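Novice: what follows is a predicted structure for the sequence shown.
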Amino acid sequence: MTNSETGETQTSRNTANSQDSAQDLVAQVETGARVPEGLPKRLILTVAFLWSAFQVWIASPLPFILGFGIFNSTQARSIHLAFAIFLAFLSFPGMLSSARGYPIYSSLFGLGGLVTLVYAAMEFLGGDGQRAVIFGATGLTALLVCLGSFRPAPLSRIPLLDWVLALLAVASVLYLFVFYEQLTQRPGAPILSDLVVSGIGMVLLLEASRRSLGPALTSIAVVFLIYAFAGPYMPDMIAHGGASFSRMASQQWLTQEGVFGIALGVSTSFVFLFVLFGSMLDKAGAGNYFIQVAFAFLGHMRGGPAKAAVVSSGMTGIISGSSIANTVTTGTFTIPLMKRVGYKPEQAGAIEVSSSVNGQIMPPVMGAAAFLMIEYVGIPYIQIIKHAFLPAVITYVALLYIVHLEALKMGLQGLPKRKPTTLMGTLVRVGITVTSLIILSGLVYYGIGWIKVVAGEASLIVILLLVLAAYLALLWQASRVPELHLDDPNSPILQLPEAGPTVKSGLYFLLPVVILIWCLMIERLSPGLSAFYAVAFMIFILLTQRPILAVYRQAGSVGRAAWAGVEDLAAGFVAGARNMVGIAVATATAGIIVGVVAQTGLSQVLAGVVETVSGGNLMVMLILTAVLCLVLGMGLPTTANYIVVATIMAPVIVELGPQNGLVVPLIAVHLFVFYFGIMADVTPPVGLASFAAAAISRGDPIKTGFQAFYYSLRTVILPFIFIFNTQLLLIGVDSITHVVVVAVTAQIAMLIFAAATQGFFVTRSRIWESALLLLAALMIFRPGLFLDQFTEAYLPQPPTELMEIVEEAPPNSYLRMEVEGLNDMGDEVTKTIMLNLGQPMETPGERLSTNTGLHVSTAGDQVRIDRVTQGSEASDFNIGFGFTVTSVQLPNPDRPPGEIMLVPALLLVGGIWLLQRRRRPAEERPTAHAEA
């Protein structure tokens with residue numbers, strides 16, 4: 001064997017080992033590191049399968065059609081969490097041999113257990129037997145947890161103690177299901193068994209969270225619980241009246257205001273189905289298909305593997321609820337290829353991390369946070385997607401540009417194509433494809449509308465037959481081309497797949513995605529029902545694609561192919577459930593934080609702290625909030641991450657912003673904290689996605705994290721931009737032409753910003769050139785900053801015109817008005833707020849009260865707020881009875897459009913382009929392509 005062959009073999013072995021390490025990390029974080037054999041393994045797989053089957057059942061219309069298996073929200077949440085917590089204790093060991101710091105947490109559980117037992121003994125001696133039983137049961141449970149997590153646990157078997165903890169946890173959770181009727185008859189008056197179960201359940205939930213998610217979320221939840229109990233002993237600034245164990249246990253465990261609250265409800269109703277949908281698509285082969293398509297179209301370009309990594313991670317992110325799993329799924333193939341064409345290990349890992357984490361901000365799923373936003377913001381799902389779409393797209397296109405600039409800096413090339421093509425030929429094919437898709441979309445949209453008119457009640461059957469015909473036709477087309485197989489990214493010669501055959505081989509994977517988007521956005525069905533129809537179609541695909549392809553290709557046994565389809569379906573169900581364990585436990589644990597914040601009024605306290613520290617400076621306040629979101633988000637999955645930052649930090653901006661000149665709708669605030677929360681997956685020292693990428697690239701994880709953060713500066717700056725320029729969220733954009741103008745100008749600004757931060761435009765930029773590019777980007781991104789020096793953006797109208805303005809406002813437009821009154825601290829405050837008016841109704845008063853929660857009355861020239869509906873958008877701004885409307889603000893019709901700033905910005909950019917163009921020939925040009 002030659003030295004080169006030996007080196008290639010060694011490289012392949014190293015890469016294989018690194019990929020195994022990355023997969024191990026994903027297993028530890030996502031599905032559990034424990035891999036038992038025999039009966040325990042079969043039990044875990046069976047429970048996971050049954051969990052998926054249960055979720056599909058309750059999401060379907062069948063229970064209501066058959067009148068069987070109908071569960072109310074509390075019962076469904078209880079069963080959902082019971083499955084999750086059982087799998088958490090069986091799949092995740094108490095402590096890994098490689099874990100650091102876990103003995104500290106085990107010791108804390110043990111210490112807490114001992115202290116609780118001592119307190120129980122004191123209560124017993126004091127004659128209070130009931131409290132002694134409650135605290136004794138809680139303390140013993142904490143000691144059992146300590147024993148089960150103090151030493152490294154075996155990964156090949158499940159210790160007896162873990163079985164005990166799992167069964168205890170399930171019993172505590174299902175207590176709400178079994179005794180639901182009795183609990184509803186004694187709200188706020190728990191009996192002894194209620195409190196015993198609550199104490200045991202809370203301890204075991206915290207342990208399940210520590211095992212499946214690491215210590216971060218558990219630590220935050222424990223700190224909040226301590227704060228709830230120790231309120232009277234806290235410093236004056238954050239002190240409160242405190243809470244008894246009975247009150248806290250009752251709220252956190254026995255009601256829907258804590259563990260079993262909104263967050264777990266969204267996990268039960270929506271999130272599980274979308275995670276299951278993604279897992280089933282992956283098992284069907286869609287993940288491989290997305291990667292191959294990206295490489296077929298982009299792999300030949302300069303730095304092609306990096307561009308393909310961005311696109312494939314974006315497509316995978318659409319259906320993925322985890323940035324870490326996304327990193328490993330696509331990174332296993334893309335990172336070695338990026339290294340091959342010349343990217344350094346840290347660069348290759350950072351590009352994959354940046355694109356995978358950005359997958360969490362991509363509609364329609366947004367790491368499952370989109371469905372939580374429905375509850376927290378109170379606007380329809382279609383509006384969430386509308387507001388989140390443009391920022392996600394422009395940041396992905398900017399990442400493509402960044403990797404292109406990196407390739408230019410290093411003189412990198414792409415991978416060889418099987419057949420050389422001309423630029424003109426490529427453009428023609430792309431044009432034909434795009435035109436065909438537009439025509440096809442129009443035919444589908446108007447065709448289905450026509451079918452509904454003509455076929456009437458039979459339209460559903462007609463549409464299903466047409467979908468079936470399309471599926472069979474696309475499968476026939478797939479059978480005419482070779483099956484897709486990933487090449488070895490470390491092989492000495494790797495040729496890119498041909499675009500045409502690659503696209504044809506999996507077009508049928510797009511059908512369930514189209515069904516999902518159609519149900520969500522056209523039919524306006526609920527997210528849960530839409531996901532159910534998409535999952536139902538995926539079940540059909542998994543069961544039929546193999547046997548139908550076998551018939552079409554006349555190769556292999558149809559019976560064996562059909563059985564393989566059954567195995568794929570079972571594997572998809574199991575994978576979906578196991579991927580949900582951490583998310584379900586996280587949403588339940590995050591419910592503890594939500595409950596404490598609601599019980600103690602902590603958001604008001606934090607607002608006061610941030611206001612004091614920032615000195616009332618708006619930018620300092622936002623930066624401080626962003627940093628706190630990064631800290632709070634460290635080590636948390638996307639869903640738990642959003643719950644925590646939305647509960648703790650969003651109210652801070654909502655409270656302080658309107659008092660300090662920041663006028664934004666609630667969705668902008670929630671997207672702001674959401675963006676910075678998910679950046680914690682990138683940012684050292686905890687950035688788990690960076691560690692996963694470094695395990696594949698064999699690079700330094702901390703350097704990978706910092707490099708990924710550098711590439712992600714465009715994502716960091718974007719929330720600050722749309723907070724001040726809500727047109728980026730398509731708010732105030734009322735026509736297709738306006739949408740196109742906003743999208744194009746925003747994309748230009750983001751590309752200019754990327755060039756400035758990367759220090760490369762036509763050639764390497766000088767510092768003053770980068771500074772001018774940043775100025776040009778700011779002109780386009782926030783034109784109001786410059787226009788405000790000459791003209792007012794809004795003109796105040798008398799409050800008595802409120803109803804007239806509400807009546808004339810277009811659908812889903814925003815009402816901007818100034819209100820004043822006393823806040824919760826008794827101080828006189830003036831706020832300018834924006835509320836989504838939603839759809840028009842019979843009267844403007846009904847529209848205002850139903851869609852925003854505001855109930856007002858007019859007395860002379862005064863408009864008073866009589867009441868604010870609890871949980872409405874208006875209630876989040878902390879206004880209510882006693883506030884008055886001082887003005888309603890309408891856009892200034894004489895103000896020049898913000899797009900006018902595009903002219904000086906482009907002149908500035910053009911000047912820099914000319915300077916760099918002239919300078920470029922005198923500098924060293926990028927040389928040939930480097931081999932990794």
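Specialist: Cool, the structure landed. Numbers count the residues shown, from 1 in each chain.
Novice: residue 594 and residue 724, how far apart?
Specialist: 29 Å (CB to CB, to the nearest Å). For glycine as for every other residue, the C-beta is placed from the backbone atoms N, C-alpha and C.
Novice: so which of those two has more stuff around it?
Specialist: residue 594 (25 against 19; other CB atoms under 10 Å).
Novice: spatially nearest residue to that one (excluding sequence neighbours)?
Specialist: Spatial nearest neighbour of residue 594, chain neighbours left out: residue 647 (4.9 Å); criterion: CB to CB, 6 or more residues apart in numbering.
Novice: how distant is the helix or strand the one you found falls within from the center of its chain?
Specialist: In this assignment (DSSP states H and E), residue 647 forms part of helix 638-648. Its chain's C-alpha centre and that of helix 638-648 lie 10 Å apart, by CA atoms, centre = their mean, to the nearest Å.
Novice: what's that helix packed up against?
Specialist: helix 215-229, helix 369-377, helix 558-600, helix 602-614, helix 618-633, helix 666-678 (3 or more CB pairs under 8 Å, 6 or more residues apart in numbering; DSSP states H and E).
Novice: that helix to helix 558-600, inter-axis angle?
Specialist: Here helix 638-648 runs at an angle of 20 degrees relative to helix 558-600 (axes from the mean of the first three to the mean of the last three CA atoms, to 10 degrees).
Novice: export helix 638-648 as CSV, just CAs?
Specialist: Provided in CSV are the C-alpha atoms of helix 638-648 (Å, rounded to 0.1, in the frame of the first residue of the first chain):
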residue,chain,number,x,y,z
THR,A,638,-35.1,25.5,20.9
THR,A,639,-38.6,25.1,22.4
ALA,A,640,-37.5,25.3,26.0
ASN,A,641,-35.2,28.1,25.0
TYR,A,642,-38.0,30.2,23.6
ILE,A,643,-40.3,29.5,26.5
VAL,A,644,-37.7,30.7,29.0
VAL,A,645,-36.7,33.9,27.1
ALA,A,646,-40.4,34.7,26.2
THR,A,647,-41.5,34.3,29.8
ILE,A,648,-38.6,36.2,31.4
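Novice: tell me where the stretch 701-850 of the chain has helices.
Specialist: Taking DSSP state H, counting those that start in this stretch as the test, the helices found in the stretch 701-850 of the chain are 701-711, 713-724, 736-758, 767-781, 784-787, 802-808, 844-852.
Novice: any idea how far residue 376 is from residue 123?
Specialist: Taking CB to CB, one finds residue 123 at 39 Å from residue 376.
Novice: who has more neighbours out of these two?
Specialist: Neighbour tally, residue 123 and residue 376, criterion other CB under 10 Å: the higher count belongs to residue 376, 24 against 18.
Novice: just give the nearest non-adjacent residue to the more buried one, would you?
Specialist: residue 646 (5.2 Å).
Novice: the one you found: how many residues sit nearby?
Specialist: Residues contacting residue 646 under the criterion other CB under 10 Å number 25.
Novice: so what's it scoring on pLDDT?
Specialist: You'll see residue 646 listed with a pLDDT of 84.
Novice: residues of the helix or strand residue 43 falls within that come out buried?
Specialist: Take DSSP H and E as the rule and residue 43 turns out to sit in helix 39-59. For helix 39-59, the neighbour count (16 or more other CB atoms under 10 Å) marks 40-41, 44-45, 47-49, 51-52, 54-56, 58-59 as buried.
Novice: mind jotting down where the strands sit in this protein?
Specialist: 794-797, 814-822, 828-836, 854-859, 862-868, 884-891 (DSSP state E).
Novice: so for residue 739, which of those strands sits nearest?
Specialist: Among the strands of the chain, the nearest to residue 739 by CB to CB is strand 814-822 (16.1 Å).
Novice: pull out the buried positions in the closest one.
Specialist: Buried residues in strand 814-822 (16+ other CB under 10 Å): 814, 815, 816, 817, 818, 819, 821.
Novice: I am finished for the moment; much appreciated.
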